[in-house]
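Asks: here are the coordinates; sequence isn't available:
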């Protein structure tokens with residue numbers, strides 16, 4: 001299994017998909033307990049949700065599961081949200097704070113480094129290469145980092161998560177026009193709730209690559225899984241009707257960003 005799959009396009013938009021992969025090598029799989037093998041924290045069907053919405057968009061998708069290593073975490077292990085519950089570079093608990101490994105089978109520092117080199121590093125090498133390629137071709141690159149999560153996860157946040165959670169690390173990872181273009185669509189989407197820089201302000205990927213002064217912009221979209229799944233419990237099936245409705249709004253966002261990119265400062 002290749003760590004990363006890349007679909008190249010000529011648009012300035014690059015779709016990052018770090019968490020929809022479900023592959024876990026056998027030597028890691030046997031160490032997971034029953035809870036871990038549910039893979040409940042997958043960003044279920046996000047690659048399918050975004051597929052073919054914007055002709056010419058590039059997609060960089062991690063094929064490995066986040067339990068192998070989390071491609072949206074700082075490779076040095078620094079927490080994204082100090083003081084708040086979160087999961088680590090190589091998670092040992094799920095989003096409910098429950099163990100995912102058999103006792104004593106958690107990865108040690110040597111294994112974490114091995115996984116970083118085998119999985120995390122190739123994903124980011126591919127993502128960085130594609131951002132550089134489209135920036136050279138278009139004069140600007142815009143990373144749209146695609147995520148989803150269950151609507152109710154008490155260990156991570158209180159209450160019910162809004163449907164659209166836009167993150168720009170408080171406006172630092174992209175031009176203000178990009179943030180506004182996304183929020184204009186999410187706030188106007190009938191029947192959906194939204195928030196800007198709420199619980200999810202943008203993960204390591206958004207913060208690492210989002211440097212507007214260099215011509216590379218980044219924004220994270222965390223979707224509540226209630227917007228496109230039949231159920232937020234196994235088997236986490238894709239809901240065609242819900243997804244079709246949601247895809248209309250996401251397509252509008254990407255189309256607007258694609259047009260806007262031509263006017264961004266070089």
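Replies: That came through, no problem. All of these numbers come straight from a predicted model, not from anything done at the bench.
Asks: and the strands in this protein?
Replies: Using DSSP state E, the strands of the chain run over 4-7, 13-17, 58-62, 141-149, 164-167, 194-196, 216-224.
Asks: what helices or strands is the shortest one leaning on?
Replies: It refers to strand 194-196. Here strand 194-196 touches strand 164-167, helix 176-188, going by 3 or more Cβ pairs under 8 Å, 6 or more residues apart in numbering; DSSP states H and E. Every residue, glycine included, has its C-beta placed from N, CA and C.
Asks: rewinding a little: nearest to residue 261, of the strands of the chain?
Replies: Nearest to residue 261, of all those, is strand 141-149, at 5.6 Å by Cβ to Cβ.
Asks: what's the angle between that closest one and helix 176-188?
Replies: If you take axes from the mean of the first three to the mean of the last three Cα atoms, to 10 degrees, strand 141-149 sits at 30 degrees to helix 176-188.
Asks: how far out from the middle of the chain is strand 141-149?
Replies: Distance, stretch centre to chain centre, for strand 141-149: 5 Å (Cα atoms, centre = their mean, to the nearest Å).
Asks: quick one: list the elements packing against that strand.
Replies: So strand 141-149, by 3+ Cβ pairs under 8 Å, 6+ apart, packs with strand 13-17, helix 46-50, helix 121-138, helix 204-209, strand 216-224, helix 240-261.
Asks: partners of it in the sheet?
Replies: Applying DSSP bridges to the sheet, strand 141-149 is found paired with strand 13-17 (parallel), strand 216-224 (parallel).
Asks: could the ones you listed be laid out in TSV, adding mean neighbour count and distance to residue 183?
Replies: As requested, those are exported to TSV (neighbours: other Cβ atoms under 10 Å; distance: least, Cβ to Cβ, whole Å):
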stretch	mean neighbour count	distance to residue 183
strand 13-17	26	17
strand 216-224	25	10
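Asks: let's have the ones you listed in TSV, adding distance to residue 28.
Replies: Formatted as TSV, the strands paired with strand 141-149 follow (distance: least, Cβ to Cβ, whole Å):
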stretch	distance to residue 28
strand 13-17	21
strand 216-224	26
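Asks: what's the closest of these to residue 125?
Replies: strand 13-17 (13.1 Å).
Asks: list the contacts of the closest one.
Replies: Strand 13-17 has contacts (Cβ atoms under 8 Å, 6 or more residues apart in numbering) with 43, 46-47, 50, 54, 56-62, 127, 130-131, 134, 141-146, 205, 254, 257-258, 261.
Asks: perfect, that will be all.
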